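Engineer: What follows is a predicted structure for the sequence shown.
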Amino acid sequence: MTDLSNIRLFATHPHSCSYLVDQDATTVFVDPAAPMNVHLYSRLSEIGFRRSGSHLYRPHCERCKACIPARIPARRFSPNRQQRRCWRRNSDLQVLIADNLNGDEHYALYERYITERHSDGDMYPPTRLQFDAFLTSEWNTTQFIEFRQQQRLLGVTVCDIMDNGISAVYTYFDPADEHRSLGTFAILYQIEQARQLDLHAVYLGYWIKQCRKMRYKSQFRPLEMLVDNRWTSLQP
């Protein structure tokens, strides 16, 4: 069992919330100098921490508890009709595991995705430095999953393989192929991967009831949420 009692945390000053208008947010980060490995990362995910680059963080807002960690228990998951259609719709895709994200092809797709889909967010405008700093780490836990159709790169999922599950870090795809619902397909693929690896769950990050962009997460049932330090199932 990895001991968390000696891990130091640092809090940011209150800043504008990326998800809720007119709300301030405070974030706590794990000490960047702390030696990190997959075992510690896995333990921290159990108590609601997420990765951004080589930093692990968790919301710690004084007046707001809207950000709720969410995960899908892989063995208990049952796809709904739309998700089954999505899986079949993308059965023509080739799935490959890339060693890294150094290629210009990867960044060009990311740049297009952020520019066309998230120009109102704090990741716009995209830069190559931001791309590398946000998605990569040095802990040897990360996979870069490519979705291709006849060699053309349609989407990329960045995920971390942990002791207790798969952390869905980020997915980006070609906005021109919106009809494929590649965001949904990427989660379905990671659920199947977790089953094959005999891992408990796919960690989706935070679910926020008031945030429209987060609603897709509640379509995966059952969904487990971390409330009062306990993972509780949200049933269909």
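Structural biologist: In hand now; what should we look at?

Engineer: Which residue ranges of this protein form strands?
Structural biologist: Using DSSP state E, the strands of the chain run over residues 9-11, 15-16, 24-25, 27-30, 50-52, 55-59, 68-73, 94-98, 142-149, 152-161, 165-173, 201-207, 223-227, 230-234.

Engineer: so can I have JSON lines of those strands showing mean neighbour count and distance to residue 125?
Structural biologist: C-beta coordinates here come from the backbone N, C-alpha and C atoms, glycine included. Listed next are the strands of the chain as JSON lines, based on neighbours: other C-beta atoms under 10 Å; distance: least, C-beta to C-beta, whole Å:
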{"stretch": "strand 9-11", "mean neighbour count": "12", "distance to residue 125": "28"}
{"stretch": "strand 15-16", "mean neighbour count": "11", "distance to residue 125": "18"}
{"stretch": "strand 24-25", "mean neighbour count": "16", "distance to residue 125": "22"}
{"stretch": "strand 27-30", "mean neighbour count": "18", "distance to residue 125": "22"}
{"stretch": "strand 50-52", "mean neighbour count": "21", "distance to residue 125": "18"}
{"stretch": "strand 55-59", "mean neighbour count": "19", "distance to residue 125": "21"}
{"stretch": "strand 68-73", "mean neighbour count": "23", "distance to residue 125": "29"}
{"stretch": "strand 94-98", "mean neighbour count": "12", "distance to residue 125": "24"}
{"stretch": "strand 142-149", "mean neighbour count": "18", "distance to residue 125": "23"}
{"stretch": "strand 152-161", "mean neighbour count": "21", "distance to residue 125": "19"}
{"stretch": "strand 165-173", "mean neighbour count": "23", "distance to residue 125": "15"}
{"stretch": "strand 201-207", "mean neighbour count": "23", "distance to residue 125": "23"}
{"stretch": "strand 223-227", "mean neighbour count": "18", "distance to residue 125": "33"}
{"stretch": "strand 230-234", "mean neighbour count": "13", "distance to residue 125": "36"}
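
Engineer: My guess is residue 111 contacts residue 130. True?
Structural biologist: No - using C-beta atoms under 8 Å, residue 111 is not in contact with residue 130; the gap is 10.0 Å.

Engineer: can you list the strands of the chain in a markdown table and add distance to residue 190?
Structural biologist: Listed next are the strands of the chain as a markdown table, based on distance: least, C-beta to C-beta, whole Å:
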| stretch | distance to residue 190 |
| --- | --- |
| strand 9-11 | 28 |
| strand 15-16 | 30 |
| strand 24-25 | 27 |
| strand 27-30 | 24 |
| strand 50-52 | 15 |
| strand 55-59 | 19 |
| strand 68-73 | 9 |
| strand 94-98 | 11 |
| strand 142-149 | 8 |
| strand 152-161 | 6 |
| strand 165-173 | 5 |
| strand 201-207 | 5 |
| strand 223-227 | 14 |
| strand 230-234 | 18 |
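
Engineer: Now render the ones you listed as CSV, adding distance to residue 124 and mean pLDDT.
Structural biologist: Output for the strands of the chain, formatted as CSV (distance: least, C-beta to C-beta, whole Å; pLDDT from 0 to 100):
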stretch, distance to residue 124, mean pLDDT
strand 9-11, 26, 96
strand 15-16, 15, 91
strand 24-25, 18, 94
strand 27-30, 20, 97
strand 50-52, 16, 96
strand 55-59, 20, 96
strand 68-73, 25, 97
strand 94-98, 24, 95
strand 142-149, 22, 96
strand 152-161, 18, 97
strand 165-173, 13, 98
strand 201-207, 19, 97
strand 223-227, 29, 96
strand 230-234, 31, 91
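
Engineer: right, and the ones you listed - which one's nearest residue 123?
Structural biologist: Residue 123 sits nearest to strand 165-173 of all these, at 9.7 Å, using C-beta to C-beta.
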